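Trainee: Sequence isn't available, so here's the structure alone:
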Ligand code: GLA
């Protein structure tokens, strides 16, 4: 990929650029907890975005996407927002850097990626953190790593219409080889946990289903949680985020909020505790408990939070039937992947069955990704 990017850069701009990379992410557990001030437990993976960049001495940004085989050119003022979605991510990162007092001037860039799109592996966060990290380095802005992650998150909020939490961009910036990171999304305290589950494999099965309305449905989930938190806050003013609430406090307001909001909140409160339980279990090398929690998360995401779909529920059920240790829908949901913790001796049988039975039922084969936990944003 490096070579292809530099060749294109040379062809377009007559020299080589400086190379930067960033990563997609997985999340072992802690889904839809980030915007509720709860815990998440992600790690960066060995696929991501790579970009060659160089300042060009003009007021314009000129970017070429190798994957789309398209170019975009835009200025750096608020009204210069480009048409193309992929270019908006880069424009957003420039604008959010400037809003934070950082310097950004015109530059040339060529980029490419190998994060599967729409699979729930945060290809957009990888793109944002790659450029946020690179611009910070090139223009010597000295913005700290958390703020770089927030630049990506604000890009989603302000230029892409997704009111996401901080997890994806955090993982993409802070990712470290061989480690998952538990982040408290309220205090931003985090801790690296080495993750080498001996005798197990971590594998993603991509349903290849993408739902068009995913971002509006995502924003709706967030609004339900905020509504439930606001109702609880009336009785318990210390509740800043939904994750601060005790389960019994939610019961107190059941009649005051729509049943749908109650169910969403019930899931979130349970999920925050599950992340802590999984981290404790990992410290004892107790993968059976880790796996059981993953199944509980799937149940909650499917029945209470309602972000699963027929294809993902099918993969989850099959995993259970085949004695897979843990399995659940991963990421925002509405399609994408299941993440599975599988004993090595069961791996081949499970993958073969998943491919065959999924294809027989849905008419297309799922994709299989073996996960390697890797480094996040960096200069190459
Ligand atoms: C998406 C969002 C994240 C997070 C997950 C669900 O990936 O970008 O902030 O909310 O969904 O856990």
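Mentor: Received it, and whenever you're ready, just let me know what you need. As the structure is a prediction and not an experimental result, all values here were calculated from the model.

Trainee: Am I right that residue 207 sits in a strand?
Mentor: Yes - using DSSP: H, G, I helix; E, B strand; the rest coil, the secondary structure at residue 207 is a strand.

Trainee: burial of residue 149, as a residue count?
Mentor: Summarising burial for residue 149: neighbours were counted as other C-beta atoms under 10 Å, giving 28. In short, each C-beta sits where N, CA and C put it, glycine included.

Trainee: again, but for residue 345
Mentor: Around residue 345 sit 8 other residues, with neighbours defined as other C-beta under 10 Å.

Trainee: Then the one 3 residues further on?
Mentor: Neighbourhood size, residue 348 [other C-beta under 10 Å]: 10.

Trainee: after the helix or strand it falls within, next one along is what?
Mentor: Using DSSP states H and E, residue 348 falls within helix 344-362. Using DSSP H and E, the helix or strand that follows helix 344-362 in sequence is strand 367-370.

Trainee: Assign the residue most central in space within the chain to helix, strand or coil.
Mentor: Nearest to the geometric centre of the chain sits residue 168, at 3.5 Å (C-alpha atoms, centre = their mean). Look at residue 168: counting by three-state DSSP, its state is helix.

Trainee: and it, what does it touch?
Mentor: Going by C-beta atoms under 8 Å, 6 or more residues apart in numbering, residue 168 touches 25, 42, 122, 124-125, 152.

Trainee: Swap in 10 Å and give it another go.
Mentor: 24-25, 27, 34, 40, 42, 120-126, 128-129, 149, 152-153, 156, 331-332 (C-beta atoms under 10 Å, 6 or more residues apart in numbering).

Trainee: And for residue 100?
Mentor: 136, 141, 143, 147-148, 150-151, 154.

Trainee: and it, what are its phi and psi?
Mentor: phi -90, psi 10 (degrees, to the nearest 10).

Trainee: I'd like the distance between it and residue 155.
Mentor: The gap separating residue 100 from residue 155 is 12 Å, by C-beta to C-beta, to the nearest Å.

Trainee: ditto for residue 72
Mentor: For residue 72, the distance to residue 155 - C-beta to C-beta - is 15 Å.

Trainee: Of the two, which one has the most company?
Mentor: residue 155 (29 against 19).

Trainee: Which elements pack onto the helix or strand hosting that one?
Mentor: In this structure, residue 155 sits in helix 145-159 according to DSSP H and E. The contact analysis (3 or more C-beta pairs under 10 Å, 6 or more residues apart in numbering; DSSP states H and E) places helix 145-159 against helix 85-99, helix 123-138, helix 167-174.

Trainee: gap between the second one and the chain center?
Mentor: With C-alpha atoms, centre = their mean, to the nearest Å as the basis, helix 123-138 stands 14 Å off its chain's centre.

Trainee: got it, and the first one?
Mentor: Distance of helix 85-99 from the chain centroid (C-alpha atoms, centre = their mean) equals 18 Å.

Trainee: C-terminal to that helix, what's the next element?
Mentor: Immediately after helix 85-99, counting by DSSP H and E, sits strand 107-113.

Trainee: for stretch 52-60, the distance to its chain's centre please.
Mentor: Taking mean C-alpha positions (C-alpha atoms, centre = their mean), stretch 52-60 and its chain are 29 Å apart.

Trainee: can you pull the buried residues of it?
Mentor: 52-54 (16 or more other C-beta atoms under 10 Å).

Trainee: what does stretch 345-357 give?
Mentor: Result for stretch 345-357 [16+ other C-beta under 10 Å]: buried residues 346-347, 350-351, 354, 357.
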